[in-house]
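>>> Quick one, structure for this:
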Amino acid sequence: MKASCRDLGCMDYKTCWDLQQELFDARVARKRAGGAGSSLVPDTENAPGDNAGTILLVEHPPVYTLGKSGHAENLLIARETLEGMGAQFFHIDRGGDITFHGPGQLVCYPILDLEQLGIGLREYIEALEEAVIRTVAEYGIAAGRIAGASGVWIDPGKARPRKICAIGVRSSRYVTMHGFALNVTTDLRWFSRINPCGFTDRGVTSIAAETGREIGMSEVKSQVVQFLSEILNVKIYK
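Reported below is the predicted structural model:
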């Protein structure tokens with residue numbers, strides 16, 4: 001099984017969301033049609049056979065996103081104030097509450113057919129978490145999970161754990177979109193304007209904050225892709 005990977009560099013949130021939706025809709029439409037017919041996206045990424053989909057890697061300009069089951073009160077300042085700071089806000093169709101995306105954060109959006117991969121949604125989310133856990137371990141960071149709280153955490157068993165990676169996905173007919181956001185060198189002050197993921201008693205961190213080093217984004221992207229490939233048993237190509 002294989003999947004393609006696109007490194008989009010820095011792209012505004014809405015443009016990337018539209019691209020995700022286009023790829024997602026094409027996958028779902030093909031499944032509804034039983035795999036027959038031409039793709040809505042005219043490229044080989046959506047060709048039938050052993051191609052499970054596309055993985056998008058991107059950094060966004062500052063933006064806050066609120067999941068479909070999120071609570072608006074977890075945005076702690078007025079949207080007009082955010083816009084004055086140069087940030088955008090979107091209410092979107094993934095799971096989870098409010099989070100921030102911005103420079104220095106690796107956002108990964110896999111648009112994958114889980115039936116082709118032979119896994120369910122819970123196993124898929126655990127695979128995303130595991131890829132991040134293994135990635136940050138390369139930098140000497142011990143991370144883990146918290147029951148009932150998606151994402152990847154530092155000191156998960158202590159009084160005030162710190163989230164290094166947020167996860168929120170959507171699926172239809174076992175096709176996924178949205179994904180995870182790993183803080184690499186992110187300016188963590190952006191998170192002070194929200195209750196990240198709806199929590200008031202937990203912190204947020206980054207690879208740079210934990211290690212005291214500036215880590216190259218391209219290096220982290222390579223690690224993430226390598227571990228996703230191993231865990232999902234998929235050959236990922238550019």
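
>>> In this protein, which helix is the longest?
In the chain, with assignment by DSSP state H, the single longest helix is helix 13-32.

>>> what helices or strands is the following helix or strand past it leaning on?
Note on helix 13-32: by DSSP states H and E, the next helix or strand toward the C-terminus is strand 51-59. Applying 3 or more CB pairs under 8 Å, 6 or more residues apart in numbering; DSSP states H and E, we find strand 51-59 packed against strand 2-10, helix 13-32, strand 105-112, helix 114-117, helix 217-232. Glycine gets a C-beta too; all of them are placed from N, C-alpha and C.

>>> quick one: the helix or strand of the chain with the lowest mean pLDDT to chain centroid distance?
Sorting the helices and strands of the chain by mean pLDDT, DSSP states H and E puts helix 79-84 at the bottom, at a mean of 88. Remark: helix 79-84 is offset 24 Å from the chain centroid, using CA atoms, centre = their mean, to the nearest Å.

>>> who does whichever helix or strand comes after that helix pair up with?
Moving toward the C-terminus from helix 79-84, the first helix or strand encountered (DSSP H and E) is strand 88-91. The pairing partners recorded for strand 88-91 under DSSP bridges are strand 63-66 (parallel).

>>> Which residues does the strand it pairs with contact?
Residues outside strand 63-66 that contact it (CB atoms under 8 Å, 6 or more residues apart in numbering): 12-13, 72, 74-75, 82, 87-92, 94, 97-102, 193-194.

>>> Select only the buried ones of the residues you listed in PyMOL?
Selecting the buried subset of the contacts of strand 63-66 in PyMOL, with 16 or more other CB atoms under 10 Å as the burial test, is done by:
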select buried, resi 13+74+75+82+87+88+94+97+98+99+100+101+102+193+194
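
>>> need the contact list for Arg202.
Arg202 sits next to 153, 160-163, 196 when contact means CB under 8 Å, 6+ apart.

>>> Among the residues you listed, which pair sits farthest apart?
Spatially, the most separated pair among the contacts of Arg202 is Arg160 and Pro196, at 12.6 Å (CB to CB).

>>> Need the single longest strand in the chain, by residues.
When the chain is parsed with DSSP state E, its longest strand is strand 162-172.

>>> Which elements pack onto that one?
By 3+ CB pairs under 8 Å, 6+ apart, strand 162-172 packs against helix 121-137, strand 149-154, strand 175-183, strand 203-204.

>>> which neighbours does that strand have in its sheet, and in what orientation?
Counting by DSSP bridges, strand 162-172 is paired with strand 149-154 (antiparallel), strand 175-183 (antiparallel), strand 203-204 (parallel).

>>> hey, which of the ones you listed is tucked in deepest?
Using mean count of other CB atoms under 10 Å, the stretch among the strands paired with strand 162-172 with the largest mean neighbour count is strand 175-183, at a mean of 25.

>>> Got the confidence number for Pro156?
Note for Pro156: predicted pLDDT of 88.

>>> Show me where the protein dips below the pLDDT cut-off.
Applying pLDDT under 70 to the chain picks out residues 35-49, 197-198, 200-201.

>>> redo that, cut-off 90
In the predicted model, the chain carries pLDDT under 90 at residues 30-50, 66-80, 82-83, 92-99, 148-150, 156-160, 191-203, 214, 238.

>>> Would you mind measuring from the spatially most central residue of it to Ala159?
When CA atoms, centre = their mean is applied to the chain, the residue found nearest the centroid is Phe180 (1.8 Å). For Phe180, the distance to Ala159 equals 25 Å [CB to CB, to the nearest Å].

>>> circling back to that earlier point, now render the helices and strands packed on strand 51-59 as JSON lines, adding distance to Leu57.
Compiled in JSON lines, these are given as follows (distance: least, CB to CB, whole Å):
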{"stretch": "strand 2-10", "distance to Leu57": "5"}
{"stretch": "helix 13-32", "distance to Leu57": "10"}
{"stretch": "strand 105-112", "distance to Leu57": "6"}
{"stretch": "helix 114-117", "distance to Leu57": "19"}
{"stretch": "helix 217-232", "distance to Leu57": "5"}
